[in-house]
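Enquirer: Turn this into a model:
(3 chains, ligands or ions: 3)
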Amino acid sequence: MHRTLGICYYPEHWPETQWPQDAARMVEAGLSWVRIGEFAWARMEAVPGTLTWDWLDRAIDVLGAAGLKVVLGTPTATPPRWMLDTYPDMLAVDAQGRARKFGSRRHYDFSHLGYRDECRRIARLMGERYGTHPHVAAWQIDNEYDCHDTTLSYSDAARRGFQDWLAQRYQSTDALNRAWGNVFWSMDYDSFDQIDLPNLTVTEPNPAHVLAFRRYSSDQVAAFNKVQADELRRHTAAPLIHNYMGRITTFDHWKVGADLDIASWDSYPIGFLSDRLEGTAKEKAAFLRQGHPDMQAFHHDLYRAVGKGRLWVMEQQPGPVNWAPYNPAPLPGMARLWAWEAFAHGAETVCYFRWRQAPFAQEQNHAGLLRPDSAPAPALAECRQVADEIADLPDVGTATAQAALVFDYDSAWAWDTQPQGADFEGFRLAFAAYRALRRAGLNIDILPPDCADLAGYKLVLAPGLMKISAPLRHALARFDGIALIGPRSDTKTDELSIPTPLGPDLPDTDISVVLTESLPPDAKIKLQGGGRFRHWFEHLDGTAPVHLSTKSGQPAIMGGDHLRYLAGWPDDATFDAIIGGLCDALDLPSYALADGLRIRDTATHRFVFNYAPKAQAWGDVIVPAAGVHWETL
Amino acid sequence: MHRTLGICYYPEHWPETQWPQDAARMVEAGLSWVRIGEFAWARMEAVPGTLTWDWLDRAIDVLGAAGLKVVLGTPTATPPRWMLDTYPDMLAVDAQGRARKFGSRRHYDFSHLGYRDECRRIARLMGERYGTHPHVAAWQIDNEYDCHDTTLSYSDAARRGFQDWLAQRYQSTDALNRAWGNVFWSMDYDSFDQIDLPNLTVTEPNPAHVLAFRRYSSDQVAAFNKVQADELRRHTAAPLIHNYMGRITTFDHWKVGADLDIASWDSYPIGFLSDRLEGTAKEKAAFLRQGHPDMQAFHHDLYRAVGKGRLWVMEQQPGPVNWAPYNPAPLPGMARLWAWEAFAHGAETVCYFRWRQAPFAQEQNHAGLLRPDSAPAPALAECRQVADEIADLPDVGTATAQAALVFDYDSAWAWDTQPQGADFEGFRLAFAAYRALRRAGLNIDILPPDCADLAGYKLVLAPGLMKISAPLRHALARFDGIALIGPRSDTKTDELSIPTPLGPDLPDTDISVVLTESLPPDAKIKLQGGGRFRHWFEHLDGTAPVHLSTKSGQPAIMGGDHLRYLAGWPDDATFDAIIGGLCDALDLPSYALADGLRIRDTATHRFVFNYAPKAQAWGDVIVPAAGVHWETL
Amino acid sequence: MHRTLGICYYPEHWPETQWPQDAARMVEAGLSWVRIGEFAWARMEAVPGTLTWDWLDRAIDVLGAAGLKVVLGTPTATPPRWMLDTYPDMLAVDAQGRARKFGSRRHYDFSHLGYRDECRRIARLMGERYGTHPHVAAWQIDNEYDCHDTTLSYSDAARRGFQDWLAQRYQSTDALNRAWGNVFWSMDYDSFDQIDLPNLTVTEPNPAHVLAFRRYSSDQVAAFNKVQADELRRHTAAPLIHNYMGRITTFDHWKVGADLDIASWDSYPIGFLSDRLEGTAKEKAAFLRQGHPDMQAFHHDLYRAVGKGRLWVMEQQPGPVNWAPYNPAPLPGMARLWAWEAFAHGAETVCYFRWRQAPFAQEQNHAGLLRPDSAPAPALAECRQVADEIADLPDVGTATAQAALVFDYDSAWAWDTQPQGADFEGFRLAFAAYRALRRAGLNIDILPPDCADLAGYKLVLAPGLMKISAPLRHALARFDGIALIGPRSDTKTDELSIPTPLGPDLPDTDISVVLTESLPPDAKIKLQGGGRFRHWFEHLDGTAPVHLSTKSGQPAIMGGDHLRYLAGWPDDATFDAIIGGLCDALDLPSYALADGLRIRDTATHRFVFNYAPKAQAWGDVIVPAAGVHWETL
Ligand SMILES: [Zn+2]
Ligand SMILES: [Zn+2]
Ligand SMILES: [Zn+2]
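Expert: Ligands and ions are numbered 1, 2, ... in the order given. Have a look, this model is predicted:
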């Protein structure tokens, strides 16, 4: 399968007379795919029950006739205004108890079963009409689950659903009371009806209560998605896709992905650097117009796994966006670089968002490949360049990874619930570990927490994994590379309690975490031979050998030849030294990439990306700012 | 007309026996005017329908007999507690959906028609009783519209009013859907009843929706004011005044001002520096006891225009106030300096707030001309000094301005709605431009956006003007000075969409803004020959000549001999260089004033103000800290 | 009476089979007391009206049989879930109008009379069963009043209670209107039913209104406590105790303490440093693992006075806690040091919190003397060491203090209500003064505002005391040491108005505060001879001698030989110089302790504490980090 490019397009935004010319120019730009429909419910069904497909038929025909393949979206992220007349209580309620209002998008509650039925209905109607349409070659369900914080709702619908979910999980309130430790502050319940959602309590609610609600809420996203996936599968053989976002951990992507064929995501490198990544002002300034050099790679690796090997970028930033705190333009070349980074990580298709900048409504300041006046925007030429380059390179694919990182949503909820240190967050720790692997120039796979096979990997990291699953423990017992577990790993029960005996429970490795400390941002624990832990430190006990100690003599890394536990959160330089040392021990070639230079291999090529705002040398090659270089392996 | 001084006084706060002595001391202090009544509704009408005028009659008599002219205030900013029994829903609702409560002031909703009727009634009753009273020489309507964020209310009354307003403006929901681009996210409406207020949406609402609500809300302020103005005009020939505040942009002062005779404002230089001006801690420290050297001038110029040439300061800070985050005392001399700054800008009257510091209730830590124990506070002597100085100088008046700045409330709402960069704000940009003009020593007029005549001006600035009005475009076409338009000017339609062809639409000048960028606080775009843009940068295209470029070769200023477009937000030094260059090109004498030294001319005199905490030289004259110097022209 | 140690224990959290072993190990650790029961209502009364005492009987028996004395807690801080079925409106409502929910603790409204009856009932039932039990040697009522901001509630119950309280206090709305100055903004009331709680007003409510609500709310805490105290006294002769918290000023501890026998508090030095003390990151870093060297001392001195001489620490931090923003481990030795600091200040008993770290629910990351797996945690050995050391030292007691500080809750409410400077807070000022006294090495008593006798003290400080009470004024008139009053003292009436003549009203001392200024954090007023005021400065007038002036010649300290007024808030170095100078004048030996070295005397010994992270010299003795040294006097 050849790599392909695509585009997001909204025929309903433009006069029908403009569609043919748009389609022709898309083809001319080297695009193969066009995604449409995902916000058009009000055009499909302006009056409840009266479906209007003719315009959509014609749009698909025009696009298909030009040679484009259509990704058709179900429009369930934007129910029309009349839906609220049927279901006035379908709106989510925020943690402050305020019902959200109509007037933007994603105005629905994942727990609302009436709205879920409406989504099943529109998915069925679209499947019936377009499921075997020759130009409809893929489907997108809904749009960006959780965007705008929409997973968690504190509505009546959510409360009732949560109570049912609890009843099914625990069977009796006695069992629930015991599992949660409700004896602690006389929090016992006599019936499931008494259990409220865990917001607005006087002080923090029971963490087990919160974690249960987080799991319930994630399950609703999966159920909402599955209803549409099941319905569409009855009518189409085309692959089903959802477009995930960046740094969203409120629902279990592994579970949602299990019901779909391809995982895609919406990659906005500059927006994400601005609105959702840690970093000093200086660090952010260095990548102001490029985005963080590891943010895209992390999500490519994550979603490639969520997609069981099949990865798309459904929306690729082409210029300034409208929604981040500040919205600078990308360096010339970045729209090309980002696409190649995706391809190097195994993406099949990269779709730019969007064709023409909309002159109206919420995203009118979001650039497209065309300006609002239809003149070419800067990214159009870069898109054409990528299309040309694709032709000269092999098919879709990526290299076998030497390193793996276990990433678990349950753990993210656990640490959200019980951070213990104000700045402790699951993604942040996992991303710190991932960045160290990537600065070492390794190809990385991201693995689910129930991963049962580690064969082929040399180095496995499992930071912040609240509980090691049975399959993973089994795989670790047989692992012959080095697995670095921790910090904060396997030290909790499934109910977010502390196990006794104390964790971690590593095969044939006697280590216990006997005390945990969180540290304010400026504090550090110095290590022997240099380096330091920040944020988090665990006091380890046990008979396993000590590989590294703190300056004051406490264990920093303990374990055997294959399984080791990391007692703290290393800063970047320390993480580099640790990973470098492990690579040396494993005879695994590694680098000390810096200044935004990054590499990624496919089976045949090594790609070199320069995220820095200045040219940099890669061996004999000078890679310009925002440049991509590739060489055969 | 001679310049005059006045005072704010609350006879209802003091024993009647004290009134004659207070009045005598006011006259002795050099005061001519006394403003009373604006918070006294509960004393005028303690029981609904039973009016008690006798105490007010006597107060006016005592004051008038002493030789003072009375400004009588309608008390509509403080409805009595019984009003809530009649109209329980008259309270505004904040954006979080919480109804405000009784217990302070401004506890009413501008959209509430029942309360508006009550205000008409009390205005009528006061007009009937005092409209031709010989001592009542002016009227104030209400007090400080929008103070405490009171323009915007998300109440049921506001929602119903907004729906009516929309129906009148758009006539059909089809027209509204098209105008707003509601197709974007299936946001179309079928009836005006469906349209809610734009708060609490899941993500940002349609900017056209928000802008419409901002316009509606502003219109309610104007309508509220007009009801009282119309009623009073039936009974009095005395001038009608409202006292505006500083840096309030939530309603269109031009529209409210159109129904009144004089514009006044409440000038609290030290409080405003502390609570509503940008600036580093260091910059603020330099003017801690003086206030910002341009804040007062800007508002004098603005409100002189709003008042169609007639300007008062209704409340002048005399010492520490109570309401800013920190409340230091002014430097000795500032109470005099501030008055003279107002007079130099054309003020007819400056009233100090207040006569005697109230020992009770909310403002008990707000200084007056007298201490709570009736001893003189520091400002009393400065007030007397100003009164003496007035006598030696010509009548009210100010100089013809060489420079003008267009200031538009609609644009302020547009950028609030769609800032694109988190720190972009209409006032902030306009004030940055104004400050550069003032540091250059120019006399400045502020112009409304529908200004039709620029004759007499050499230099016109129009920063952040979302859309150039037809009259202004006409005036610009004939303008023979230099008009510097932009940044972010004439690039939006009236519905806050992007026009095609792209703006700006400048007469005979081919320039288009093809891409916009917002920048985080530390980022900058360097310019050829030094200087830099911050916050905002627009990519310009077109055939007009380039006057200034960025270091990377993009246009920074483009245009012809008379009309030019500024592509970014210059920092202060760069703005100074740009204005200096334009003055040179225009043969307009300019200065590079610094360190808080500022000048302002009247027809006959040049006034020099030293806002710095140390003495500074003006030619041969040493102006002491907080000093005022004047010389004949 | 010998000093003793104790422990907090939750038999309901552990299998009954484990109790005997726990009890034996407690005794072995040197513990004498065990506090139980305070969160166990759901175990005592799982079904309304059906009391289950058998498990508690057995727990007390097991503990008592091992030789431990029991402190039995009333469980009213954690009503069971069924209580909400009876009283759905018993939950407090926050200032935003949101009812709090069940699911944590302290979920009750102090104003709810129905719940208050339930608390009387459970106290009676417990008193009846255990009032004369031989092993129950003390009682704790409720737990940590106000923890999690629970004093103030904006519920209907609070509103009705407040209206009644106002009616009793003012008798007529006329009197209330006059007392509050409601004429100011037409805020007059015609009936008490009209008076709402002072939240959600448009701008700040009348400060007299707020202060009245603060007083009412404090009175409800006292009333809530008294109901239980009265009930228990009918059944027991054992001492009644409440465990106060640190830096809680929302209720009048003097009033609550008047109804109890012993004052205890919960001392979490590291948590409090992190979550409730001012300080730069650098200052906090220096004491990261030790806590602030004066925080514990202040509260020991305060609560010793609240307890009329009888002081306990009911909960002593033993290791990392779970609830502060960051939770590092204490330096080795701190669990011992903190206990000795308490004993040196006169504590009878120090109880560590808690015996075994709970592996479940909210506080599972809170260390205990045992780890969750029952192995010893680091503090266990320190506890045993203290127990041994106690045996070698004299009985409970502390030294006569040379210095005293007046501390008033009413004033704290006044300054919360009307800070005038954004960072002005009563505790902060009082603690600044206290710290200066303690750095000078003085033994300090804290006095209530109605203190009538100052005999024995050399130096008395009264900073931020809104109004000097009649008894204190009387005592000051007779005082022959030096009393330093101010800043911001005796300048308000009891209704938070400004008195005329202006305050302070010091016996035979002519001083008036004629103007007040608040200053932003970086501003300062320089003093003659060095030093500076920050935050606050008062302009003084009067005929009293000036002892110290500002650089610009304004009085900084004025007064006679015995009574002086301090016009501003000195920074730490300036406070040290002022206190040092007064000690010299009084021939009172003082020190300039620094770097965390602190001293405290008992009648027989001087204790030296080293809070610094490095060893320090005390004369010839080297006190190690976290070390305690004592020597006989
Ligand atoms: Zn998107
Ligand atoms: Zn005012
Ligand atoms: Zn506690």
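Enquirer: From now on I want contacts and neighbour counts done on CA atoms only, so please keep to that.
Expert: Fine.
Enquirer: Could I get the CA-only coordinates of the helix or strand of chain A with the lowest mean pLDDT as PDB?
Expert: None of the helices or strands of chain A scores lower by mean pLDDT, DSSP states H and E than helix A:281-286, at a mean of 92. C-alpha atoms of helix A:281-286 as PDB (Å, rounded to 0.1, in the frame of the first residue of the first chain):
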ATOM      1  CA  ALA A 281       8.900  29.900  28.300                       C
ATOM      2  CA  LYS A 282      12.400  29.500  26.900                       C
ATOM      3  CA  GLU A 283      12.000  25.800  25.900                       C
ATOM      4  CA  LYS A 284       8.700  26.700  24.300                       C
ATOM      5  CA  ALA A 285      10.200  29.600  22.400                       C
ATOM      6  CA  ALA A 286      12.800  27.300  20.800                       C
END
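Enquirer: I'd like the next helix or strand past that helix.
Expert: Next in sequence after helix A:281-286, counting helices and strands by DSSP states H and E, comes helix A:295-306.
Enquirer: quick one: buried residues of the helix or strand where residue A:273 lies?
Expert: In this structure, residue A:273 sits in helix A:269-276 according to DSSP H and E. By 16 or more other CA atoms under 10 Å in any protein chain shown, the buried positions in helix A:269-276 come out as A:269, A:270, A:271, A:272, A:273, A:274.
Enquirer: which parts of the stretch 501-633 of chain A sit against chain C?
Expert: Contact residues (CA under 8 Å from any CA of the partner chain) of the stretch 501-633 of chain A with chain C: A:501, A:502, A:514, A:515, A:516, A:517, A:518, A:519, A:520, A:522, A:523.
Enquirer: ok, the first one to residue B:200 distance?
Expert: It stands for residue A:501. Residue A:501 sits 48 Å away from residue B:200 when distances are taken as CA to CA, to the nearest Å.
Enquirer: Looking only at neighbour counts, state which of those two leads.
Expert: Per other CA atoms under 10 Å in any protein chain shown, whichever of residue A:501 and residue B:200 has more neighbours is residue B:200, with 19 against 13.
Enquirer: Mind pulling up the pLDDT for the more buried one?
Expert: The model reports residue B:200 with a pLDDT of 98.
Enquirer: looking at it, residue A:332 is touching residue A:624, isn't it?
Expert: No: in this structure residue A:332 lies outside contact range of residue A:624 using CA atoms under 8 Å: 10.8 Å.
Enquirer: can you list the residues that contact the least confident helix or strand of chain A?
Expert: With contact meaning CA atoms under 8 Å, 6 or more residues apart in numbering or on different chains, helix A:281-286 is reached by A:273, A:274, A:612, A:613, B:522, B:523.
Enquirer: what's the most distant pair in the buried residues of helix A:269-276?
Expert: The span of those, defined through CA to CA, is set by A:269 and A:274 at 8.7 Å.
Enquirer: got the residues of the stretch 1-150 of chain A near chain B?
Expert: Checking the stretch 1-150 of chain A against chain B by CA under 8 Å from any CA, the hits are A:12-13, A:39-43, A:78-81, A:98-107, A:148, A:150.
Enquirer: Take these and keep only those in helices.
Expert: When DSSP state H is applied, those are split such that A:41, A:42, A:43 fall in helices.
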